[in-house]
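**Q** Any chance you could fold what I've pasted below:
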Amino acid sequence: MAALTRYRAFFQFLRPQMSFRDCGSISQVFHSLLYKRAQCARHAISGETRKYSSDVKTGDDLIVKYLDGDDSGIVVFGIDRPKAKNAISKNLVKMMSEAVESVKKNSKVRTVILCSIVPGIFCAGADLKERAKMHQSEVGPFVAKARTLITELGNLPMPTIAAIDGAALGGGLEMALACDIRVAATSAKMGLVETKLAIIPGAGGTQRLPRTVGVSVAKELIFSARVLDGVEAQSIGLVNHAVDQNKSGDAAYLRALELAREFNPRGPIAIRMAKLAINQGIEVDLTTGLAIEEACYAQVIPTKDRLEGLAAFKEKRLPRYKGE
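**A** Numbers count the residues shown, from 1 in each chain. From the prediction side, this is the model:
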C-alpha cells in the first residue's frame, strides 16, 4: 500500500514534466559579447577552434553559450570570476539561477555543461570575502538561495556534465555533485573542506556525496576535509572520467563535450525520461522504482521519436529525433 501511495504521488509529479514537449524555443538572449578571456578559451578541438553560437548571454560572473551546427542543443555555463577564483557570490547565484531557469523547459536543450572560463580553477566555494561583510542575519538566506540553485541544477530534466579543470572545493564541489556526470583533469583538486572552518557542507554535500561514493567514504572525506586529485576522485567514483590536462587547460571540458556529443543523437525525450526514472527510483524500494520506470516508459510510447527510431532501424539509416 505504501509503495502504491508513493507511485501515485510520483505519477502526479510526472505529469507536469511532460510540458517540455509543448515549450517554445528559448527566449531571445543578449547579442554576442564575449570577454577576451572567453575568446582565448576557444582552444583547438581536432585542429578546429571551439564553435559557439552567436546567441551568447554574458554577464559579470557567468557566460552562457548555446553551441550550434552539429553541436546544436548543447549549452555551456562558463563561470567567469577570475579575481575571486570563481567563488560563489550573490551575483553568481542570481545569474546561475536565471541560466538554469532559462533552459529548464526548453525542449531544444539536450545537454548542459558546467565549466570554468578561468584557467586552473573550477570553483573555490563560497566567496568568503563577501561572506565576511554580511550581517549574521544575511548568511542563512544566502546559503538557502545557493542551496536552492544547486537543487534546481540537479533537477534539470536534461543531462548535466561538470567539467572540472581545476580546483572544486566546498560549494564548488557541491555544484559538481548536483550534475549527472563529472569529468576532471587528473591535476584537479576536489574536496568538501567546510569542517576546516568549523562549519559543514550546506548546499547538499552531506547528502549527495554519500549517494555518490558511499556513506563511509563520504564521512571520511568530510570529517577530514581531505582534498583529492582527479585520479583519486575517479578511483572512488566521485568523477566518471579523469583525463590528463592539456596545454590549453581545458581537457575536462573537451572530454565533457565528447560525452555531450554522444548524448546528442539519442532520443531527447527518452533521455529525459531515463534521467527522471533513475533519479526518482534510486530513492525508493525496488517495487516502487519499477513502477516509476513503467510510468516513465509509458511517456515515450506515443512519441513521434519512437516511431522515427523504428523507421530508421528498418531503413538502416540514422534516426532524426526532434523531441516530439
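
**Q** can you give me the strands for the stretch 201-324 of the chain?
**A** Assigned by DSSP state E, counting those that start in this stretch, the strands in the stretch 201-324 of the chain fall at 228-229, 241-243.

**Q** roughly how far is the first one from the heart of the chain?
**A** Going back to what we said before, that points to strand 228-229. 20 Å (Cα atoms, centre = their mean, to the nearest Å).

**Q** Make JSON lines out of the strands of the stretch 201-324 of the chain and add mean pLDDT, distance to G166 and mean neighbour count.
**A** All C-beta atoms are positioned from the backbone trio N, CA, C, and that covers glycine. JSON lines is the format used below for these (pLDDT from 0 to 100; distance: least, Cβ to Cβ, whole Å; neighbours: other Cβ atoms under 10 Å):
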{"stretch": "strand 228-229", "mean pLDDT": "96", "distance to G166": "11", "mean neighbour count": "17"}
{"stretch": "strand 241-243", "mean pLDDT": "97", "distance to G166": "13", "mean neighbour count": "22"}
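
**Q** Quick one: closest of these to N279.
**A** N279 sits nearest to strand 241-243 of all the strands of the stretch 201-324 of the chain, at 20.8 Å, using Cβ to Cβ.

**Q** Work out the gap between the closest one and the centre of the chain.
**A** In terms of Cα atoms, centre = their mean, the centre of strand 241-243 is found 17 Å from the chain centre.

**Q** Direction included, what does that strand pair up with?
**A** Looking at strand 241-243 with DSSP bridges, its partner strands are strand 181-185 (parallel).

**Q** which residues sit against the partner strand?
**A** By Cβ atoms under 8 Å, 6 or more residues apart in numbering, the residues outside strand 181-185 that reach it are 159-166, 168, 176, 190, 230, 233-234, 238-245, 251-252, 255-256, 259.

**Q** what about S187, distance to G172?
**A** Plainly put, S187 is 16 Å away from G172 if you go by Cβ to Cβ, to the nearest Å.

**Q** more neighbours, these two?
**A** Neighbour tally, S187 and G172, criterion other Cβ atoms under 10 Å: the higher count belongs to G172, 31 against 19.

**Q** Need the per-residue pLDDT for that one.
**A** Looking at G172, its pLDDT reads 94.

**Q** What residue, apart from its backbone neighbours, is nearest it spatially?
**A** Sequence neighbours aside, C123 is the residue nearest to G172 in space, at 2.8 Å (criterion: Cβ to Cβ, 6 or more residues apart in numbering).

**Q** Please apply the same query to I63.
**A** Of all residues not flanking I63 in the chain, G78 sits nearest, at 4.3 Å (Cβ to Cβ, 6+ apart).

**Q** what does M273 give?
**A** Leaving out its chain neighbours, the residue that sits closest to M273 by Cβ to Cβ, 6+ apart is C296, at 4.2 Å.

**Q** Next, please give the residue ranges for the helices of the stretch 201-324 of the chain.
**A** Using DSSP state H, counting those that start in this stretch, the helices of the stretch 201-324 of the chain run over residues 205-213, 215-224, 230-235, 251-263, 268-281, 286-300, 304-315.

**Q** Return the most buried member of the ones you listed.
**A** Of the helices of the stretch 201-324 of the chain, the one with the most neighbours on average (mean count of other Cβ atoms under 10 Å) is helix 251-263, at a mean of 22.

**Q** Output the contacting helices and strands for it.
**A** Applying 3 or more Cβ pairs under 8 Å, 6 or more residues apart in numbering; DSSP states H and E, one finds that helix 251-263 contacts strand 74-79, strand 111-116, strand 160-164, strand 181-185, strand 241-243.

**Q** Which one, of those strands, ends up nearest to R266?
**A** Among the helices and strands packed on helix 251-263, strand 111-116 comes nearest to R266, with 10.2 Å by Cβ to Cβ.

**Q** send the alpha carbons of stretch 114-124 over as PDB?
**A** Provided in PDB are the C-alpha atoms of stretch 114-124 (Å, rounded to 0.1, in the frame of the first residue of the first chain):
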ATOM      1  CA  LEU A 114      29.100  23.400 -16.400                       C
ATOM      2  CA  CYS A 115      32.700  24.500 -16.600                       C
ATOM      3  CA  SER A 116      35.000  27.400 -15.900                       C
ATOM      4  CA  ILE A 117      36.300  30.100 -18.100                       C
ATOM      5  CA  VAL A 118      39.200  30.800 -15.700                       C
ATOM      6  CA  PRO A 119      42.200  28.500 -16.200                       C
ATOM      7  CA  GLY A 120      43.200  26.400 -13.200                       C
ATOM      8  CA  ILE A 121      40.000  26.800 -11.200                       C
ATOM      9  CA  PHE A 122      36.500  25.300 -11.300                       C
ATOM     10  CA  CYS A 123      35.000  27.000  -8.200                       C
ATOM     11  CA  ALA A 124      36.700  27.700  -4.900                       C
END
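
**Q** Let the chain start at 130 from now.
**A** That works, and once the first residue is 130, the last one we named lands at stretch 243-253.
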